[in-house]
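Student: Sequence isn't available, so here's the structure alone:
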């Protein structure tokens with residue numbers, strides 16, 4: 001894996017991005033001899049962090065659904081209402 005320092009990255013960002021696109025290998029970015037970050041291709045990012053983004057979207061959706069709850073309606077009543085809407089009332093579960 002290639003490592004570039006922050007100054008080189010600042011001065012030659014275009015070249016570094018071209019190498020990243022050409023090789024597909026992550027590039028470590030260091031500052032003061034300590035790796036501070038990594039540059040990765042969009043495909044690599046999606047592969048590694050796509051599930052995290054999906055989980056965050058699910059959490060946001062769940063929070064939105066919870067914010068829409070009506071006070072005084074129990075979960076059981078809500079479930080019964082959903083089953084009625086789906087036409088599942090009276091069917092064996």
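Tutor: It's in. Keep in mind the model is a prediction, meaning the values are calculated, not measured.
Student: what ranges do the strands span in the chain?
Tutor: 2-5, 27-31, 34-39 (DSSP state E).
Student: how near is residue 53 to residue 8?
Tutor: Per CB to CB, to the nearest Å, residue 53 is found 30 Å from residue 8. All C-beta atoms are positioned from the backbone trio N, CA, C, and that covers glycine.
Student: export the strands of the chain to a markdown table and tack on mean neighbour count, mean pLDDT and distance to residue 13?
Tutor: Shown next, in a markdown table, are the strands of the chain (neighbours: other CB atoms under 10 Å; pLDDT from 0 to 100; distance: least, CB to CB, whole Å):
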| stretch | mean neighbour count | mean pLDDT | distance to residue 13 |
| --- | --- | --- | --- |
| strand 2-5 | 14 | 95 | 10 |
| strand 27-31 | 16 | 96 | 11 |
| strand 34-39 | 12 | 96 | 10 |
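Student: As a markdown table, those strands with distance to residue 57 would be great.
Tutor: What follows is these, written out as a markdown table (distance: least, CB to CB, whole Å):
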| stretch | distance to residue 57 |
| --- | --- |
| strand 2-5 | 33 |
| strand 27-31 | 28 |
| strand 34-39 | 24 |
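Student: of those strands, which approaches residue 17 most closely?
Tutor: strand 34-39 (7.6 Å; CB to CB).
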